[in-house]
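Q: have a look at this fold, sequence not included:
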């Protein structure tokens, strides 16, 4: 059996403009695990459906267990208005 090497957070990027500056809002989608046999497994908890999604999912080094700090308010407002919530 393979041994786990590293874990990643899987996110999809959505560009937006704020005060004339282009930024990227990262939407958490799941996690990935790198194994010692060279393989990587991807578990999706959500599939991005926002307009303009290019089909790409970016892997970032895993954050602590408190990430992502998703609340119903953040999820609904981000999904409905397609912008990050302050």
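A: Received it, and whenever you're ready, just let me know what you need. Model, not experiment: these values are computed from the prediction.

Q: any low-confidence regions in the protein?
A: For the chain, residues meeting the criterion pLDDT under 70 lie at 65-86.

Q: quick one: the helices in it, in order.
A: Remark: helices assigned in the chain by DSSP state H are 72-81.

Q: burial of residue 26, as a residue count?
A: Each residue near residue 26 was counted by other C-beta atoms under 10 Å, and the total is 14. From N, CA and C alone the C-beta is placed, and that goes for glycine too.

Q: wait, residue 38
A: For residue 38, using other C-beta under 10 Å, the count is 8.

Q: tell me the contacts of it?
A: With contact set as C-beta atoms under 8 Å, 6 or more residues apart in numbering, residue 38 has no partners.

Q: 10 Å instead?
A: By C-beta atoms under 10 Å, 6 or more residues apart in numbering, residue 38 lies in contact with 2, 5.

Q: just the one 3 residues further on next, same as before
A: Taking C-beta under 10 Å, 6+ apart as the contact definition, residue 41 lies against 2, 4, 31, 32, 33, 34, 35.

Q: gap between it and residue 9?
A: 14 Å (C-beta to C-beta, to the nearest Å).

Q: between the two, what contacts are shared?
A: Contacts common to residue 41 and residue 9, judged by C-beta under 10 Å, 6+ apart, are 31, 32.

Q: so what pairs up with residue 21 in the strands?
A: residue 18 (DSSP bridges).

Q: please apply the same query to residue 34.
A: Bridge pairing for residue 34 - DSSP bridges - gives residue 6, residue 40.

Q: tell me where the protein has strands.
A: Counting by DSSP state E, the segments of the chain that form strands are 4-18, 21-35, 40-44, 58-61.

Q: parallel or antiparallel, list what pairs with the shortest one.
A: It refers to strand 58-61. By DSSP bridges, strand 58-61 pairs with strand 4-18 (antiparallel).

Q: quick check, distance from the partner strand to the centre of its chain.
A: From the chain centre to the centre of strand 4-18 is a distance of 4 Å (C-alpha atoms, centre = their mean, to the nearest Å).

Q: go through it and flag the buried ones.
A: 8, 9, 10, 11, 12, 14 (16 or more other C-beta atoms under 10 Å).

Q: isn't the second one right next to residue 29, touching?
A: Okay, so that is residue 9. Yes. Using C-beta atoms under 10 Å, residue 9 is in contact with residue 29, at 8.5 Å.
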